[in-house]
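Q: Need coordinates for the below:
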Amino acid sequence: MKRIAGFLILVLVISCGRHNETGNKIISVSIGPFKYFLKEIAGDNFEVNVMVPPGSNPHIYEPYPDQINKLRKSVGYVSNGYLGFEMTWLDRFYEINRNMKKLSLGNTIEPIAPEHNHDGDHSEGADPHYWVSPVCAMKMASAVRDFIIDLDPLNRDQYTDNFNILAGKILKVDSLARELTASGGKKAFMIYHPNLAYLARDYGLEEIAVENDGKEPSPSRLKELIDVAKADKLKIIMVQREYDTRNARAIAGETGSRVVVIDPLSDDWYSSTTGIIETLKESFAENF
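A: A predicted model of the protein is given here:
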């Protein structure tokens, strides 16, 4: 209740501010990686307001006044569709600005549903980390292109050309990902928070998660993971930048593996995703 009351007070204060400020048109997005796709296609024609900036944890997110102010002036909002924080905040964002156009990128991909999901539901439990997969990224980019053209049809040709350039970049990352399974054999990797499931699904990999349903592993599960890491000769354990590395380091200490921090929430999708795939490539090379 305190969070909701504070949020309402924040909105009231901001709504009393100036309404005639100038500047570029604004599109708000839920997370940093979405900013990459917007800027690659829209260039400087739109300012992008990221609600959960890189380095922040979406699970404990609360908006800042400047973010809400930009949200109020946004012409569009690009959401994930499955992130937990959106279940709490997205309807409130839409109430602040009822006129902005909406795009849910979760509608463009085939979600990895939770075990107890109902068919067709956009469940909170559906895996939200689809942007890390180049296969999904291409679908996202196409949807963002159409969304921006709808907001600014006069610059359709510019946005189409920029999309084609972006598509070429995504294809390069896709080719790099396909090299991971070119040599055949089991390609398993261990990661603390399970955020590479779409990459694993789309490229024939196996993700072994340390964390389960947002909970740290029990002692028995930790021992099981150590045994798996030894059996599969896993030499790298990945941890997302926003998470504690202690459990991963405990496994690494027992198996002779090492911990590598990755940044899938970076607003530089190309560098971040390429780095993750290069880490996987290195891991698989060290496994044999």
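Q: what about Glu216, how many neighbours?
A: 13 (other CB atoms under 10 Å). To be clear about C-beta, it is placed using only N, CA and C from the backbone, and glycine gets the same treatment.
Q: If we go by neighbour counts, what in the helix or strand that contains Met138 is buried?
A: If you go by DSSP states H and E, Met138 is part of helix 134-151. Neighbour-count burial for helix 134-151 flags 134-145, 147-149, 151 (criterion: 16 or more other CB atoms under 10 Å).
Q: Report the distance from it to the chain centre.
A: 15 Å (CA atoms, centre = their mean, to the nearest Å).
Q: Average pLDDT for that helix, rounded please.
A: Mean pLDDT, computed over helix 134-151, is 98.
Q: What is the subsequent helix or strand relative to it?
A: helix 156-178.
Q: Pull up the pairing partners for the helix or strand just after that next one, direction included.
A: Using DSSP H and E, the helix or strand that follows helix 156-178 in sequence is strand 188-191. In the sheet, strand 188-191 lines up against strand 206-209 (parallel), strand 236-240 (parallel) (DSSP bridges).
Q: Which residues does the longest one contact?
A: Contacts to strand 236-240, defined as CB atoms under 8 Å, 6 or more residues apart in numbering, come from residues 189-193, 195-196, 210, 229, 245, 248, 251-252, 257-265, 276, 279, 282-283, 286.
Q: which ones among those residues are found in strands?
A: 189-191, 258-262 (DSSP state E).
Q: Buried only: go through these for me.
A: When these are checked for burial by 16+ other CB under 10 Å, the buried set is 189-191, 259-260, 262.
Q: out of those residues, who's nearest Tyr94?
A: Tyr94 lies nearest to Ile262 out of these, by CB to CB, at 31.8 Å.
Q: from memory Ser104 sits against Asn80, does it?
A: Yes. With contact defined as CB atoms under 8 Å, Ser104 and Asn80 form a contacting pair (7.4 Å).
Q: In stretch 56-74, which residues are buried?
A: Here stretch 56-74 shows 56, 58, 61, 63, 67-74 as buried, counting by 16+ other CB under 10 Å.
Q: Would you mind putting these into TSV with pLDDT alongside?
A: As requested, the buried residues of stretch 56-74 are exported to TSV (pLDDT from 0 to 100):
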residue	pLDDT
Ser56	75
Pro58	69
Tyr61	76
Pro63	87
Gln67	95
Ile68	95
Asn69	96
Lys70	97
Leu71	97
Arg72	97
Lys73	97
Ser74	98
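Q: Looking at the residues you listed, which are in helices?
A: Counting by DSSP state H, those place 67-72 in helices.
Q: got the residues you listed as a markdown table, with distance to Arg221 columns?
A: Output for those, formatted as a markdown table (distance: CB to CB, whole Å):
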| residue | distance to Arg221 |
| --- | --- |
| Gln67 | 37 |
| Ile68 | 40 |
| Asn69 | 44 |
| Lys70 | 42 |
| Leu71 | 40 |
| Arg72 | 45 |
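Q: which one among the residues you listed gets closest to Glu224?
A: Set against Glu224, the nearest of these by CB to CB is Gln67 (41.2 Å).
Q: Is it correct that the closest one is in contact with Met51?
A: Yes. Taking contacts as CB under 8 Å, Gln67 lies within contact range of Met51: 5.7 Å.
Q: List the contacts of Lys102.
A: Lys102 sits in contact with 76-77, 79, 94, where contact means CB under 8 Å, 6+ apart.
Q: Looking at the residues you listed, which two lie furthest apart in space?
A: Gly76 and Tyr94 (11.7 Å).
Q: Good, we can wrap up now.
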